[in-house]
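# Just need the structure, nothing else, for what follows:
(one chain, ligands or ions: 1)
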Amino acid sequence: MKITLLGTGTPAPSLRRQSSGYLFDLGGDVIVMDHGPGAHNRLLEAGYKATDVTHLFLTHYHYDHIMDYPRLVLTRWDHGADSVPPLRVFGPSPLRELTDRLIGEHGAFAWDIAARVKSPASLAVYQARGGGTERPRPAPDLREVSTGDAVEGCGWTVTVGPARHVQPHLACQAYRLATDGTSVVYSGDNGGVYEPFIEFASGCDVLIHMNHFLSGTELTADYRRMTGSHLDVAETARRAGARMLVLTHLLPQLDQPGVKERMVAEMAAIYDGPIVVGEDLMTVPLAPAERRPAD
Ligand SMILES: [Zn+2]
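Numbers count the residues shown, from 1 in each chain. The predicted structure follows:
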């Protein structure tokens, strides 16, 4: 398994950090989790195309996690012609309604889709890409999932777990990907020290967790409960027994010189495993780096 961080930012405007996106290359299947604005550009920069992605898992429907979702679906449909199977998409309810409002008969992209399906010029492009005489509408294979569900792939399983964020306004969940002896948990957006999540992440090899801000600078106690901050994330990783912690969903304030170093030092006093501060396009090491004094 190869893990690439596509977007390690937040809704805050940033050229350094795009919004949420994670790619798991499993040899045959290519899984993407979340696809916020800019994540698709990073996917291209990482050497992948929309047609390479086989499965998409969405944690919740904040725009910084889904704005590139229609881009992925439409690009895959447009460039895949008849040669790729429909993208398999998993997420909490209302995945079907949300997708319908984007690409359904009355969705935001209905006019675009009608033109590409009916215009002779567009049909010529479609046929040049290997399509037949009739062009079907985009039809991703959708499945709404919630805590306790499992999705089986070729040599891997994704289970769905709890995350505490902005319920009941949005359903929010986490995922655990297990394959050939390695398990990776992605928190989605999860805040505070949340017991059900700790249980879900127990014993994972890699924990990719939202680390939005510095604990102690929260606006309100509620804000801290629903949004990951550094001391709570360290405590979560320690209690879950995660073998490695990858920090993501980082506000620009955390990139100021000195702040990141102080943050990691404070976290290391709580959690004694390796702490990786995520960056866009970083490949996550699946084992702690060797110390090689000659390098
Ligand atoms: Zn969110």
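
# low pLDDT regions in the stretch 1-150 of the chain?
For the stretch 1-150 of the chain, no stretch is flagged by pLDDT under 70.

# how about the residues of it near the ion?
Residues of the stretch 1-150 of the chain found near the ion (CB under 5 Å from the ion) are His62. Using the backbone N, CA and C atoms, a C-beta is placed for each residue, glycine as well.

# The stretch 1-150 of the chain: helices as residue ranges?
Under the criterion DSSP state H, counting those that start in this stretch, the stretch 1-150 of the chain contains helices at 39-45, 63-66, 69-80, 95-103, 110-118, 120-128.

# residues in the stretch 151-295 of the chain within reach of the ion, list them.
Looking at the ion, the residues of the stretch 151-295 of the chain close enough under CB under 5 Å from the ion are Asp189.

# can you give me the helices in the stretch 151-295 of the chain?
195-200, 221-226, 230-240, 259-268.

# which one of those lies closest to Met67?
Closest approach to Met67 among the helices of the stretch 151-295 of the chain is made by helix 221-226 (20.7 Å; CB to CB).

# So which bits of that closest one are buried?
With burial defined by 16 or more other CB atoms under 10 Å, the residues of helix 221-226 counted as buried are 224-226.

# and what of stretch 262-277?
Here stretch 262-277 shows 263, 267, 270-271, 273-277 as buried, counting by 16+ other CB under 10 Å.

# what's in contact with it?
Outside stretch 262-277, the residues that touch it by CB atoms under 8 Å, 6 or more residues apart in numbering are 214, 230-231, 233-235, 237-238, 242-247, 250, 254, 260, 282, 284-285, 288-289.

# returning to what we had before: using CSV, please lay out the helices of the stretch 151-295 of the chain together with mean pLDDT.
Below are those laid out as CSV (pLDDT from 0 to 100):
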stretch, mean pLDDT
helix 195-200, 98
helix 221-226, 95
helix 230-240, 98
helix 259-268, 97
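
# Looking at the stretch 101-250 of the chain, which residue is nearest the ion?
Closest approach between the stretch 101-250 of the chain and the ion, counting by CB to the ion: Asp189, at 3.6 Å.

# Please name the residues that touch the nearest residue to that residue once chain neighbours are set aside.
Closest residue to Asp189 apart from its sequence neighbours, by CB to CB, 6 or more residues apart in numbering: His165 at 4.3 Å. Residues near His165 by CB under 8 Å, 6+ apart: 60, 172, 188-191, 226-227.

# next one: Tyr69
35, 56, 58, 102.

# tell me the contacts of the third one?
Right, Leu58. Leu58 neighbours (CB under 8 Å, 6+ apart): 33-35, 65-66, 69, 89-92, 95.

# just the first one next, same as before
Applying CB under 8 Å, 6+ apart to His35 gives the contacts 6, 20-21, 56, 58, 65-69, 71-72.

# how close does the closest residue to Gln18 other than its chain neighbours sit to the ion?
Spatial nearest neighbour of Gln18, chain neighbours left out: Gly38 (2.8 Å); criterion: CB to CB, 6+ apart. Distance of Gly38 to the ion, given as CB to the ion, to the nearest Å: 16 Å.

# Over to Pro285?
From Pro285 to the ion the distance is 27 Å (CB to the ion).

# burial count for that residue?
Using other CB atoms under 10 Å, Pro285 has 14 neighbouring residues.

# right, and Pro37 touches Gly21 too?
No: taking contacts as CB atoms under 8 Å, Pro37 lies outside contact range of Gly21: 9.4 Å.

# Flag every buried residue along stretch 152-162.
Buried residues in stretch 152-162 (16+ other CB under 10 Å): 153, 156, 158-162.

# Now tabulate those residues in CSV and tack on pLDDT.
As requested, the buried residues of stretch 152-162 are exported to CSV (pLDDT from 0 to 100):
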residue, pLDDT
Gly153, 95
Trp156, 97
Val158, 98
Thr159, 98
Val160, 98
Gly161, 98
Pro162, 98
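
# can I get those residues in CSV with distance to Arg16?
Converted to CSV, the buried residues of stretch 152-162 look like this (distance: CB to CB, whole Å):
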residue, distance to Arg16
Gly153, 32
Trp156, 31
Val158, 29
Thr159, 32
Val160, 31
Gly161, 30
Pro162, 31
